[in-house]
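**Student:** Just a sequence and a predicted model for now, questions to come.
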Amino acid sequence: MKPPYNITPKILKLITSISEKLGEVNANYLSKQSPQLRKQNRIKTIHSSLQIEGNTLTEDQITALIENKRIIGPKKDVLEVLNAIKVYEKLDEFKFNSDKSFLKAHRLLMNGLIDSAGKYRTKGVGIVKGNKVEHVAPPFENVPFLMKDLFDYLNDSEEITLIKSCVFHYEMEFIHPFLDGNGRMGRLWQTLILMNEYPVFEFLPFETLISQTQDEYYKSLSLSDKNGKSTFFIEYMLDVINKSLENLLSYNSRILKDIDRLEYFIKLGAKEFTRKDYMNTFKDLSSATASRDLKKGIDLQLFESVGTLNKTKYSIK
């Protein structure tokens, strides 16, 4: 049975806008991101998704953990990040329409944080905001059956993937299948559903916008609960996805092109070079853009520089 929602003019408009942007992403090869940008966006995704749950670690600390460096921070927060790193590294191993994959991902994500990692809850739960009960989840006895129905819905080939991903996210939060980790699992699984059709979503950190609009995120969940349909949540999430793609096509795409040029230049084999050498390779590049590229290369530790102004020489690391 298909979960209930309405197709509104706003939803139709957002789907059209997202589809156009996905076409532009593919046309510009932005779905094939460089390793550096993939790493940056992965860090943003983990940071934002865990920040929503109260994790205090910074992007720099998460970067250090990805690079196997030791950091000082709350033990629980460090474990949450280490678990998330493992899960996101294995994204392509999970099947978006498999409840077994879903439970395996939860086990990795919550390992050492709760005793029931990888298992559906066996008691009733409610969500309390202040002194008010915001949401009472379905009885625990129903959880396995409700989740099975939800995964059956994911196999509906006639349903639009963009909508399907939002509906799953909302319905999973409503069912609240785990004692803890439901929020991060909802965001993770929406990513997995989307990337099954659109590879760019593997490294598109839309969680950053959710983190910046948390009040709207929870409000859309609450309104959908009261309405008995996921319509409000679909509108909210499609707007987030649309804005994330907009960011990729503006700011992030500019960085991506810088990095692609740098990677191409490094592959040419020059051990030492000047800005002039770099501009001779990319003849349509302005001196200002070349300088920005080279600064980006230094920031990313691709090479080192010696000297100043026109006498600066760069050496590949």
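**Tutor:** It's in.
**Student:** use CA for all of it now, contacts and neighbours both
**Tutor:** Will do.
**Student:** Name the residues of stretch 91-105 that are buried.
**Tutor:** Applying a neighbour-count criterion of 16 or more other Cα atoms under 10 Å, one finds L91, F94, F96, N97, D99, F102, L103, K104, A105 buried in stretch 91-105.
**Student:** what's in contact with that stretch?
**Tutor:** 87, 118-119, 147-148, 151-152, 154-155, 189, 192-193, 196 (Cα atoms under 8 Å, 6 or more residues apart in numbering).
**Student:** Determine the set of other helices and strands touching the host helix or strand of L238.
**Tutor:** Using DSSP states H and E, L238 sits in helix 231-247. The contact analysis (3 or more Cα pairs under 8 Å, 6 or more residues apart in numbering; DSSP states H and E) places helix 231-247 against helix 9-27, helix 161-175, helix 207-212, helix 214-227.
**Student:** So which residues of this protein form strands?
**Tutor:** Under the criterion DSSP state E, the chain contains strands at 126-129, 132-136, 272-273, 303-306, 313-316.
**Student:** circling back: closest one to L79 among the helices and strands packed on helix 231-247?
**Tutor:** L79 sits nearest to helix 207-212 of all these, at 19.6 Å, using Cα to Cα.
**Student:** contacts for that closest one?
**Tutor:** K44, T45, S48, S49, Q51, I52, R187, Y217, V240, S244.
**Student:** The closest residue to the first one other than its chain neighbours: what's it in contact with?
**Tutor:** Translated: K44. Once flanking residues are discounted, K44 sits nearest to P205: 6.1 Å by Cα to Cα, 6 or more residues apart in numbering. P205 is in contact with N41, R42, K44, T45, S244, counting by Cα under 8 Å, 6+ apart.
**Student:** one step back: right, so of the strands of the chain, which gets closest to E67?
**Tutor:** Short answer: strand 303-306, nearest of the strands of the chain by Cα to Cα, at 18.5 Å.
**Student:** tell me the mean pLDDT for that closest one?
**Tutor:** Regarding strand 303-306, the rounded mean pLDDT is 88.
**Student:** Grab the two from the contacts of stretch 91-105 that are most spread out in space.
**Tutor:** Within the contacts of stretch 91-105, K119 and N196 form the most distant pair, 24.5 Å apart (Cα to Cα).
**Student:** pLDDT score for the closest residue to K21 other than its chain neighbours?
**Tutor:** Spatially, and ignoring its direct neighbours in sequence, K21 is nearest to L245 (6.5 Å; Cα to Cα, 6+ apart). On pLDDT, L245 comes in at 92.
**Student:** hang on, L245 packs against I18?
**Tutor:** Yes: assessed by Cα atoms under 8 Å, L245 is found in contact with I18 at 7.5 Å.
**Student:** Output the contacts of P205 in CSV, with distance to S287 appended to each entry.
**Tutor:** Output for those, formatted as CSV (distance: Cα to Cα, whole Å):
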residue, distance to S287
N41, 28
R42, 31
K44, 31
T45, 34
S244, 30
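**Student:** Could you work out the most separated pair of those residues?
**Tutor:** Using Cα to Cα, these span at most 13.9 Å, a distance reached by R42 and S244.
**Student:** quick one: contacts for I71?
**Tutor:** Q61, A64, L65.
**Student:** swap the cut-off to 7 Å and go again
**Tutor:** Taking Cα atoms under 7 Å, 6 or more residues apart in numbering, we find I71 in contact with Q61.
**Student:** Read off the pLDDT value for the residue nearest to K44.
**Tutor:** 88.
**Student:** how close does it sit to A64?
**Tutor:** According to Cα to Cα, to the nearest Å, P205 and A64 sit 19 Å apart.
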